[in-house]
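Student: Predicted model and sequence follow; I will ask about them next.
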Amino acid sequence: MSGEYPVTNNAASSTEEKNFQKIIVPTVPDKLEDTTESRWERSWPVIAGGAGLFSDGYLNNIIGSVNTVLRILYPVAYSKSDAVKNVPSIAFAGTVVGQLLFGVISDHYSRKWSLMASTLVLIIFAALSAGSYGANGSVPGLFTTLTIYRFFLGVGIGGEYPAGSVAAAESAGELKRGHRNRWFIMFTNVQINLGFVLAAFVPMVVVLVFTENHLRTAWRVMLGLGVLPPLSLLYLRMKLREPENFNRERMHKYPVKLIARFYWWRLFIVSLAWFAYDFSSYAFSIYSSVWLRIVLSDSAPLWKAFGWNTVVNFFNLPGACLGAFISDWIGPRYALSISVFLQGIVGFIMAGCYEFLATAKNVGAFVVLYGIFISLGEIGPGNNIGLIAAMTSATAVRGQYYGIAAAIGKVGAFVGTYAFPIIQARAPNPVRAGQDPFFVASTLCMMSAVVVRFLIPHIGQDTIALEDARFRRYLEENGYDTSKMGVSMKQKLQQLEQSQLQEPATSAES
C-alpha cells in the first residue's frame with residue numbers, strides 16, 4: 001500500500017486529511033456540491049440508487065417464512081429432501097455472482113444501466129418465483145424450479161450492491177457537507193432493514209387473510225409481492241443520469257497490476273471486517289429463537305409466530321436510523337469500531353448470563369438486552385461497513401472493489417450458517433450450546449473493532465474526492481496517462497445533443 005501519501009496512513013487523522021486536501025484538491029475539478037440544482041434534484045439520485053436494497057431485505061428475508069409454510073405443506077416431500085436447504089440458501093450463491101458481475105459492469109460500462117439491469121432481473125425472477133411450477137404438477141419439479149429462480153433472483157439482489165450502493169455514494173457527494181453519510185445510510189442499510197420488517201409483517205397479514213387452510217396460495221402471494229419494490233423504482237432509475245464523479249473519473253483501460261498493488265491491502269481489511277460481521281450475524285439470530293420459544297407455546301397459530309418475527313426484525317430499525325446521524329457526527333470508522341466493541345461487551349454479558357436469561361421469569365431482561373445488542377450492530381457495522389467499502393476506493397474501480405468486499409461478506413454469512421450449528425452440536429450441554437456461538441461472535445466483534453479502528457484510514461465528508469485525486473496521482477507517477485480518464489469529448493457532445501433534443505423547441509416557435 002502506497003504509504004507515501006498521508007491519507008493512506010492507517011492512523012490517519014482529520015488534520016492529515018486537511019493537509020493532504022491543500023496539496024491535492026486544487027487539481028480536482030469544481031466541488032460537486034457547488035451546483036445550482038435544487039435539494040430534490042441532488043437527493044433523488046441517492047434515493048433511486050440505494051433504495052433498491054429494500055428489495056434485498058424483503059426478497060432475502062421472505063424466504064424464511066416461505067420455507068416454514070413449505071415445511072407445513074410438504075412435511076415429507078420438502079422437509080426430507082435437499083430442497084429444504086437449497087431453496088432458502090441458493091440465493092446466497094446468486095448474490096455472490098451478482099456482486100462480482102455487476103461490480104465489473106458498473107465500472108466498465110455504466111452505473112445507470114447496471115442498475116436498470118439488476119432491477120429488471122429482480123422483477124422478472126421475483127414474479128417467476130411466485131409462479132414456480134413443476135412439470136405435470138410434479139412436487140419435486142416445483143422445488144427444483146423455485147431453486148433455479150431463486151438463484152437468478154440472487155444475481156439481481158447481488159447487483160444492487162455494487163450498482164446501487166456505489167451510485168448512491170457518488171450521488172451523495174453532491175449533497176451538503178455534514179449530511180452525506182446519513183443520506184447514504186438511510187437509503188441503503190435502513191432500506192434493507194425496512195425490507196426485513198416488511199418481509200416478517202407481510203406473512204402474518206397474508207396468513208390471517210388466507211387462513212392456514214390456503215397456504216398454497218399464501219406462499220405464492222408472499223413471493224409475488226416482492227415484485228412491487230423494484231417495480232416502483234423502475235421509472236426513477238430510468239430518469240437517472242450517470243453520477244458526476246463517475247463521468248469525471250471512469251477509466252477506459254484498466255492497469256490491473258497497478259490497481260491491485262495500490263488497493264490489495266485495504267480491500268483485504270474491508271473484506272475481512274465484512275466477512276466477520278456477516279459470519280457472526282447467524283449467531284445473533286440464535287438468541288432470538290430462544291426467547292421466541294419461551295414466549296410462544298407449541299400450539300401457537302402460525303400468524304402469531306410471524307408476528308413475533310416482525311418484532312425481532314424491528315429491533316434493527318432504531319439502531320440503523322440513529323446510527324445514520326452518528327456516522328456523520330463522528331465518522332463511519334469511529335461509529336463502526338466503537339459500536340461493534342460495545343456490541344461485543346453486551347454479547348459476552350448475554351452469553352455469560354445465558355443460563356439465567358433463557359427462562360420464562362427473565363425473558364423480559366433477555367429481550368431488552370437482545371434489543372440493545374442488535375441496535376449496536378446496526379449503529380456500527382450494519383450501517384457503516386458498506387459506507388466504508390464505498391468510500392475507501394477511487395471512483396474508477398469502486399464497483400469492483402465494493403462488489404468483491406460485499407461478496408466476501410456474503411461468503412462469511414454462508415460459512416456461518418454451517419459453522420455455528422456444528423459449534424452448537426459439539427457443545428457438552430444445552431447451556432453451552434447457547435453460549436458458545438455468542439462467545440465466538442462476540443470475540444469477532446472485538447476483533448472487527450480493532451481492525452477497523454487501526455487499519456482503516458480516516459473517512460471524512462470529502463473522502464471520495466480526495467481518494468480520486470490520490471489515485472490519479474499514483475497512476476501518473478507510475479506512467480499511466482490519466483488525461484484519458486473520464487467521459488471523452490465525443491461522449492460529452494453526444495450527451496449535450498441528447499439533452500438539447502429533449503428540451504421543447506420554444507425558441508423556434510416564438
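Tutor: Cool, the structure landed. Residues are numbered from 1 along each chain as shown.
Student: Please, where are all the helices along the stretch 151-300 of the chain?
Tutor: For the stretch 151-300 of the chain, helices defined by DSSP state H, counting those that start in this stretch occupy the ranges 166-172, 180-186, 189-210, 215-224, 228-238, 244-249, 256-295.
Student: Can you lay out the ones you listed as a markdown table showing distance to L120, mean pLDDT and mean neighbour count?
Tutor: Every C-beta, even on glycine, is put in place using the N, C-alpha and C of the backbone. Compiled in a markdown table, the helices of the stretch 151-300 of the chain are given as follows (distance: least, CB to CB, whole Å; pLDDT from 0 to 100; neighbours: other CB atoms under 10 Å):
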| stretch | distance to L120 | mean pLDDT | mean neighbour count |
| --- | --- | --- | --- |
| helix 166-172 | 16 | 83 | 30 |
| helix 180-186 | 24 | 89 | 26 |
| helix 189-210 | 19 | 92 | 22 |
| helix 215-224 | 17 | 94 | 19 |
| helix 228-238 | 8 | 87 | 18 |
| helix 244-249 | 21 | 84 | 22 |
| helix 256-295 | 27 | 83 | 19 |
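Student: possible to save the ones you listed as JSON lines with distance to A360?
Tutor: Listed next are the helices of the stretch 151-300 of the chain as JSON lines, based on distance: least, CB to CB, whole Å:
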{"stretch": "helix 166-172", "distance to A360": "45"}
{"stretch": "helix 180-186", "distance to A360": "37"}
{"stretch": "helix 189-210", "distance to A360": "23"}
{"stretch": "helix 215-224", "distance to A360": "30"}
{"stretch": "helix 228-238", "distance to A360": "38"}
{"stretch": "helix 244-249", "distance to A360": "55"}
{"stretch": "helix 256-295", "distance to A360": "5"}
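Student: Of all these, which one is nearest L53?
Tutor: Ranking the helices of the stretch 151-300 of the chain by proximity to L53 (CB to CB) places helix 189-210 first, at 4.7 Å.
Student: tell me what that closest one is packed against?
Tutor: Under the contact definition 3 or more CB pairs under 8 Å, 6 or more residues apart in numbering; DSSP states H and E, helix 189-210 sits against helix 53-73, helix 215-224, helix 302-314, helix 316-330.
Student: Poorly predicted segments of the chain, please.
Tutor: 1-42, 282-283, 285-291, 293-295, 297-298, 487-510 (pLDDT under 70).
Student: thinking again about what came up before, any chance of the helices and strands packed on helix 189-210 in a markdown table, with distance to P162 too?
Tutor: As requested, the helices and strands packed on helix 189-210 are exported to a markdown table (distance: least, CB to CB, whole Å):
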| stretch | distance to P162 |
| --- | --- |
| helix 53-73 | 12 |
| helix 215-224 | 25 |
| helix 302-314 | 25 |
| helix 316-330 | 21 |
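Student: okay, those, which one's buried deepest?
Tutor: Greatest average neighbour count among these goes to helix 53-73 (a mean of 22), per mean count of other CB atoms under 10 Å.
Student: Roughly how far does V205 sit from W303?
Tutor: 8 Å (CB to CB, to the nearest Å).
Student: Ok, S55 next?
Tutor: Taking CB to CB, one finds S55 at 24 Å from W303.
Student: domain ranges for the protein?
Tutor: Residue ranges for the domains of the chain, per automatic domain parsing: 1-30+256-476, 32-242.
Student: Serialize these to TSV and add fields for distance to S483.
Tutor: Listed next are the domains of the chain as TSV, based on distance: least, CB to CB, whole Å:
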stretch	distance to S483
domain 1-30+256-476	9
domain 32-242	19
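Student: how long is stretch 449-466 end to end?
Tutor: Across its full length, stretch 449-466 reaches 25 Å between end residues, using CA to CA, to the nearest Å.
Student: Could I get the buried residue list for that stretch?
Tutor: 449, 451-453, 455-466 (16 or more other CB atoms under 10 Å).
Student: To what extent is the nearest residue to L59 once chain neighbours are set aside buried, counted in neighbours?
Tutor: Distance criterion CB to CB, 6 or more residues apart in numbering; nearest residue to L59, sequence neighbours excluded, is G226 at 4.7 Å. Residues within reach of G226, counting by other CB atoms under 10 Å, total 27.
Student: For Q191, see how far away G226 is.
Tutor: G226 is 14 Å from Q191, by CB to CB.
Student: Kindly report the same for A433.
Tutor: Taking CB to CB, one finds A433 at 35 Å from Q191.
Student: Same check on F438?
Tutor: 28 Å.
Student: for S106, same thing?
Tutor: S106 is 18 Å from Q191, by CB to CB.
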